[in-house]
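1. predicted model follows, preceded by the sequence.
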Amino acid sequence: MKPLIPTREAALARLHAFVPHAGRSYAQGRNTDRGRGAQTDVSMLSPYLRRRLITEREVVDAVLAAHGPEGADRFITEVFWRSYFKGWLERRPCVWTHYTTTRNALVSEWGDTPRLIEAETGQTGIAIVDDWARELIETGYLHNHARMWFASIWIFTLRLPWQLGADFFLRHLLDGDPASNTLSWRWVAGLHTRGKHYLATRTNIERFTRNRPPVEPGQLDETAEALEERFDYGPALPVRVPIAPDPHRKSALLLTIEDCHPDSLALPESVATGILALDGRSPRETAQAVRDFDAAALADAAQTRSHPAPAITSAEALADWALDAGASQIVTPYTPRGPVHDWLTEVQPYLTGRGLILAERQREWDAQIWPRSTAGFFKIKKAIPSILDSLSQ
């Protein structure tokens with residue numbers, strides 16, 4: 001796999017190269033994990049979409065133009081899955097809070113437990129699982145089907161806490177997204193759709209990896225029951241309504257890894273641009289490659305602005321920067337549930353005390369999809385044509 005360049009230009013080039021293959025070729029080959037550096041059937045756009053160096057709307061429009069609704073259906077559905085997961089978590093914020101609280105406790109409890117270290121460093125004795133662990137650490141990528149198998153084996157064969165597996169992924173995946181990652185692990189465990197779990201089987205892995213390397217008979221638990229939890233996250237809440245930017249106030253633009261294409265949003269003119277240079281993914285260390293990708297993506301997003309963009313690492317630095325620029329509001333693209341949102345929520349009272357308003361602009365794409373993320377994905381899938389019609393008006 002060629003190294004992914006964390007710029008919008010590189011994202012657009014990759015989209016252009018993939019579009020001809022986004023129809024039948026993608027639909028037929030998307031489930032096959034061809035191995036490290038040999039993926040030919042998937043787009044590899046997810047690290048760019050995760051940071052919105054390129055937007056879902058741009059990707060979907062390009063694929064539709066090339067293949068039409070029927071030919072593009074499978075790929076577009078996958079793009080909508082990402083947005084559905086973000087909307088589902090946005091409407092159930094306690095699920096994210098419960099995950100982080102439980103994960104933090106498990107990190108302290110498990111520490112350097114040999115079983116955990118073996119799973120994370122590729123020493124379980126299940127050859128292909130160990131290959132996947134090393135591929136993730138060394139490249140920041142795993143094929144989507146491999147992620148499902150790995151998560152299933154982690155949970156049901158290795159009997160490790162799913163929260164620690166989700167943390168392992170989030171710290172190492174270049175496209176690690178709080179919503180997609182957390183909810184995908186919950187789905188595999190049988191918690192997202194209660195009682196419906198995903199069991200990795202030897203025959204399925206052999207079929208879609210070309211038996212590379214083989215799974216030995218009896219290595220996998222193929223009869224495990226779905227996990228259960230006592231936590232009740234309740235009904236879906238309304239989508240959070242942020243404070244909208246006031247066009248009459250001087251604005252300082254804050255860029256975060258949640259949206260690195262501010263030029264495509266209707267944001268007020270800013271007197272300063274800053275970069276939120278915080279990670280916060282985990283109490284454990286995030287992979288250097290992920291942190292480097294974040295930093296380069298943010299730098300690329302800031303280069304279109306007419307003023308330099310300092311890296312901001314504290315609430316005090318954020319307030320001082322905005323006030324020194326003469327701004328009375330800090331504007332940022334909407335921050336969905338995850339570490340960035342958690343940090344901004346925590347510092348908001350301090351900003352208010354310094355006389356600053358924190359305002360956000362939500363994308364129409366999210367505004368169309370998230371209110372429909374009330375239960376399973378089927379409701380979103382059924383509404384895709386009408387959502388696309390509304391977005392095109």
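-> Thanks, I have the structure now.
2. which residues in the stretch 251-393 of the chain form helices?
-> For the stretch 251-393 of the chain, the helices defined by DSSP state H, counting those that start in this stretch cover 288-302, 315-324, 339-353, 364-369, 378-392.
3. A277 is nearest to which of those?
-> helix 288-302 (7.0 Å; Cβ to Cβ). (Each C-beta comes from the backbone N, C-alpha and C, glycine too.)
4. can you list the buried residues in the closest one?
-> By 16 or more other Cβ atoms under 10 Å, the buried positions in helix 288-302 come out as 289-290, 293-294, 297-302.
5. so which bits of stretch 337-345 are buried?
-> Here stretch 337-345 shows 337-344 as buried, counting by 16+ other Cβ under 10 Å.
6. my read is I137 is in a helix, agree?
-> Yes: counting by DSSP: H, G, I helix; E, B strand; the rest coil, I137 is located in a helix.
7. leaving out chain neighbours, which residue sits closest to it?
-> H172 (5.9 Å; Cβ to Cβ, 6 or more residues apart in numbering).
8. quick revisit: turn the buried residues of helix 288-302 into CSV, columns for pLDDT and distance to F377.
-> Shown next, in CSV, are these (pLDDT from 0 to 100; distance: Cβ to Cβ, whole Å):
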residue, pLDDT, distance to F377
A289, 97, 31
V290, 98, 27
F293, 98, 28
D294, 98, 28
A297, 98, 28
L298, 97, 31
A299, 96, 35
D300, 97, 32
A301, 96, 30
A302, 96, 35
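9. buried ones in the host helix or strand of F75, by neighbour count?
-> Using DSSP states H and E, F75 maps to helix 56-90. For helix 56-90, the neighbour count (16+ other Cβ under 10 Å) marks 56-60, 62-64, 67, 71-76, 79-90 as buried.
10. so for this protein, the centremost residue is which one?
-> Central residue of the chain (Cα atoms, centre = their mean): D177, 1.8 Å from the mean position.
11. from what I can see it touches Y48, true?
-> No: with contact defined as Cβ atoms under 8 Å, D177 does not reach Y48; the gap is 11.9 Å.
12. do you know the pLDDT at the residue nearest to the centre of the chain?
-> In this prediction, D177 carries a pLDDT score of 98.
13. do P308 as well
-> So, for P308, pLDDT stands at 87.
14. give me the phi and psi angles of it.
-> Note on P308: its backbone torsions stand at phi -60, psi 150 [degrees, to the nearest 10].
15. check contacts around it.
-> T273 (Cβ atoms under 8 Å, 6 or more residues apart in numbering).
16. redo the buried residues of helix 288-302 as TSV? Include distance to S390.
-> Formatted as TSV, those follow (distance: Cβ to Cβ, whole Å):
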residue	distance to S390
A289	38
V290	35
F293	33
D294	32
A297	29
L298	31
A299	34
D300	30
A301	27
A302	31
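17. how far away is the residue lying closest to T223 once chain neighbours are set aside from I205?
-> Computed as Cβ to Cβ, 6+ apart, the closest residue to T223 that is not its neighbour in sequence is L199, at 7.8 Å. For L199, the distance to I205 (Cβ to Cβ, to the nearest Å) stands at 11 Å.
18. where does the prediction get shaky in the stretch 101-250 of the chain?
-> Residues of the stretch 101-250 of the chain meeting the criterion pLDDT under 70: none.
19. same thing but at 90, please
-> Scanning the stretch 101-250 of the chain for pLDDT under 90 picks out 112, 194-195, 210-212.
20. quick one: the helices in it?
-> 114-121, 127-139, 144-152, 162-172, 178-189, 202-209.
21. and for the last one, what's in contact with it?
-> When contacts are defined by Cβ under 8 Å, 6+ apart, helix 202-209 is touched by residues 31-33, 35, 128, 145-146, 149, 214-215, 217, 219-220, 222.
22. would you mark the buried spots in it?
-> So helix 202-209, judged by 16+ other Cβ under 10 Å, has buried residues 202, 204-205, 208-209.
23. and those, which is closest to P283?
-> Distances from P283 to the buried residues of helix 202-209, taken by Cβ to Cβ, are shortest for I205, at 32.0 Å.
24. spatially nearest residue to L170 (excluding sequence neighbours)?
-> L170 sits nearest to G176 (Cβ to Cβ, 6+ apart), 4.4 Å away.
25. roughly how far apart are that neighbour and S108?
-> 22 Å.
26. of the two, who's got more company?
-> G176 (24 against 9; other Cβ atoms under 10 Å).
27. dump the helices of the stretch 101-250 of the chain to TSV, plus distance to E285.
-> Shown next, in TSV, are those (distance: least, Cβ to Cβ, whole Å):
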stretch	distance to E285
helix 114-121	12
helix 127-139	12
helix 144-152	20
helix 162-172	7
helix 178-189	17
helix 202-209	30
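28. thinking again about what came up before, which members of the buried residues of helix 202-209 are the farthest-apart pair?
-> Most distant of the buried residues of helix 202-209, by Cβ to Cβ, are R202 and F208, 11.6 Å apart.
29. how close does the residue nearest to L170 get to D61?
-> 26 Å.
30. what of A127?
-> With Cβ to Cβ as the criterion, A127 and D61 are 42 Å apart.
31. try Y198
-> Relative to D61, and taking Cβ to Cβ, Y198 is found at 32 Å.
32. try L136
-> 31 Å.
33. again with E229
-> Taken as Cβ to Cβ, the span from E229 to D61 is 39 Å.
34. now swap in I357 and tell me
-> Distance from I357 to D61, by Cβ to Cβ: 34 Å.
35. ok, S180 next?
-> S180 is 21 Å from D61, by Cβ to Cβ.
36. please apply the same query to S282.
-> 35 Å.
37. same thing with E364?
-> 13 Å.
38. in the chain, where's the longest strand?
-> If you go by DSSP state E, the chain has its longest strand at strand 270-276.
39. quick one, domains of the protein?
-> 8-89+369-392, 97-209, 251-362 (automatic domain parsing).
40. so can I have CSV of these showing distance to L237?
-> CSV is the format used below for the domains of the chain (distance: least, Cβ to Cβ, whole Å):
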stretch, distance to L237
domain 8-89+369-392, 10
domain 97-209, 13
domain 251-362, 11
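41. out of those domains, which comes closest to Y233?
-> domain 97-209 (7.3 Å).
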